[in-house]
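Peer 1: Generate a structure from the sequence data that follows.
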Amino acid sequence: MEKQIISTIKAPAALGPYSQAVKVGNMVYTSGSLAINAATGEFINDDIKKATAQSLENLKVILEEAGTSLDKVVKTLVFLKDMNDFADMNEVYAQYFTSNPPARSCVQAAKLPKDALVEIEVIAIAN
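Peer 2: Below you'll find the model as predicted:
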């Protein structure tokens with residue numbers, strides 16, 4: 001199996017030497033997504049709910065570029081700056097995974113890139 005690099009201008013460009021996502025066989029592995037709006041360059045770092053939504057919107061378009069969608073996600077990993085934001089993050093997260101939600105891990109990170117409030121990555125089945 002070969003790996004296919006997934007990239008879309010609808011999501012923020014990588015901040016370093018990594019890909020937005022990699023597809024191998026019928027699986028897609030995304031990099032962590034920060035709350036950066038690709039169209040405006042705005043970085044949301046003052047509201048965990050808005051930041052969570054932007055991160056998930058970024059992942060949504062990356063998955064679409066890979067030929068899949070959020071409903072095919074099997075695993076998520078959520079990194080929070082502050083675990084006290086868990087309930088607010090979870091409220092928004094639940095709006096994106098309304099039925100048959102994926103497995104998930106959520107951890108508080110000592111420091112995230114750009115001092116972000118949240119970073120989310122996913123693993124999904126591709127069509």
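Peer 1: Quick check, residue 8 in contact with residue 62.
Peer 2: Yes. Contact criterion C-beta atoms under 8 Å: residue 8 and residue 62 qualify, at 6.0 Å. (C-beta placed from N, C-alpha, C; glycine too.)
Peer 1: intersection of neighbour lists for these two?
Peer 2: residue 20 (C-beta atoms under 8 Å, 6 or more residues apart in numbering).
Peer 1: Tell me which of the two has more neighbours.
Peer 2: More neighbours surround residue 62 than the other of residue 8 and residue 62, with 25 against 17 (other C-beta atoms under 10 Å).
Peer 1: Checking my notes, the more buried one in a helix, right?
Peer 2: Yes. Under DSSP: H, G, I helix; E, B strand; the rest coil, residue 62 falls within a helix.
Peer 1: who touches it in this structure?
Peer 2: Contacts of residue 62 by C-beta under 8 Å, 6+ apart are 6, 8, 10-11, 20-21, 30, 33.
Peer 1: How about residue 88?
Peer 2: Residue 88 sits next to 48-49, 52 when contact means C-beta under 8 Å, 6+ apart.
Peer 1: Which strand or helix spans it?
Peer 2: Per DSSP states H and E, residue 88 falls inside helix 86-96.
Peer 1: Distance from that helix to the middle of the chain?
Peer 2: Averaging C-alpha positions (C-alpha atoms, centre = their mean, to the nearest Å) puts helix 86-96 13 Å from its chain's average.
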